[in-house]
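Asker: please work out how this folds:
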Amino acid sequence: MKITKVLVTGTNGFIGTHLSKLLTENGFNTVDSDSRSYNRPLDVTNLGQLASTCEGVDAVVHLAGKTSIKSSLRDPYRTYYINYVGALNLIEASRLRGVKRLINVSTYVYGQPRHIPINEKHRINPHSPYNKSKLLAEKLFQFYSSDFGIDIVTLRPFQIYGPGARPESFIPSVIQQIAERGEVSLNGKNVRRDFLFVYDFSVLIVAILNDFPNGYNVYNVGYGKSYTLEKIAKILAKLM
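Answerer: As a prediction, this is how the structure comes out:
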């Protein structure tokens, strides 16, 4: 069945803003979860709202939730509650409304690398309540996929950057330091990261929607090349 109507949770977020625009440009009918008739954004912890919103939807892209590692360390309960209960409600609403395809955007769950490159069979070792809450959600989606025949793709992106990223994330914080002080303070300058532009990540999601795999699938997502934080900071300094 061709996917035409897509619900994106968290449409006003960093990735959601870019993805929703690209989906519309590619002919999808998108459900804007952040500007509905409830006079407030769709609450993923409210099963009734989700079940109503999923009516007539062909596929769901799940982006909504708590995304800050620092915030998860300060308030782990809120992070676990929103990310786990939100995932449970969303997949249950999908089951109730017959939605058979879902893309779950997870996170990096591997901890300190034991081998490079990191593939999907690398040892799992999440290092914060945020990462752990996303891994719990992954398991939930996997069980629902197996029990109820829902096709689900879980994406584990590495470092996504681009317009609208959180100010405290690495690239925006470096840009701000350069602009304000003309210098950059780095923790772990030789730490390497794989940076992926948000538009490219959105293109991948559209590609999956156009050719959805069967069953439950997990994919790491990155650009394919890593850079030290010092190297990225020097590139940004030169550009500015």
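Asker: for the protein, give me the ranges with low pLDDT.
Answerer: Where the chain drops to pLDDT under 70, the residues are 32-40.
Asker: any idea what Ile152 is bridged to?
Answerer: Beta-bridge pairing for Ile152 (DSSP bridges): Leu102, Tyr216.
Asker: contacting residues around it?
Answerer: Residues near Ile152 by Cβ atoms under 8 Å, 6 or more residues apart in numbering: Arg101, Leu102, Ile103, Asn104, Phe141, Gln142, Tyr144, Ser145, Gly215, Tyr216, Asn217. Any C-beta I mention is one placed from the backbone N, CA and C, and that applies to glycine too.
Asker: so what does the closest residue to Gly162 other than its chain neighbours look like in phi/psi?
Answerer: Using Cβ to Cβ, 6 or more residues apart in numbering and skipping residues adjacent in sequence, the residue nearest Gly162 is Val198, 3.4 Å away. Here is the backbone geometry of Val198 (degrees, to the nearest 10): phi -60, psi -30.
Asker: still on that earlier bit, now for the contacts of Ile152, which pair is the farthest apart?
Answerer: Taking Cβ to Cβ, the two most distant members of the contacts of Ile152 are Arg101 and Gln142; they sit 14.9 Å apart.
Asker: quick check: phi and psi on the residue positioned nearest the centre of the chain?
Answerer: Central residue of the chain (Cα atoms, centre = their mean): Val105, 3.5 Å from the mean position. Main-chain torsions, Val105, degrees, to the nearest 10: phi -90, psi 110.
Asker: ok, Arg101 and Gln142, which is more surrounded?
Answerer: Between Arg101 and Gln142, counting by other Cβ atoms under 10 Å, Arg101 is the more crowded of the two (22 against 17).
Asker: ok, the closest residue to Asp200 other than its chain neighbours - contacts?
Answerer: Among residues not flanking Asp200 along the chain, Tyr223 sits closest, at 7.5 Å (Cβ to Cβ, 6+ apart). Listed by Cβ under 8 Å, 6+ apart, the contact partners of Tyr223 are Phe158, Asp194, Phe195, Leu196, Phe197, Asp200.
Asker: rerun at 7 Å
Answerer: Tyr223 is in contact with Asp194, Phe195, Leu196, counting by Cβ atoms under 7 Å, 6 or more residues apart in numbering.
Asker: which of the contacts of Ile152 lies closest to Gly65?
Answerer: For those, the nearest to Gly65 is Asn104 (10.3 Å; Cβ to Cβ).
Asker: can I assume the closest one sits in a strand?
Answerer: Yes. Counting by DSSP: H, G, I helix; E, B strand; the rest coil, one finds Asn104 located in a strand.
Asker: can I assume it is in contact with Phe141?
Answerer: Yes. With contact defined as Cβ atoms under 7 Å, Asn104 and Phe141 form a contacting pair (5.2 Å).
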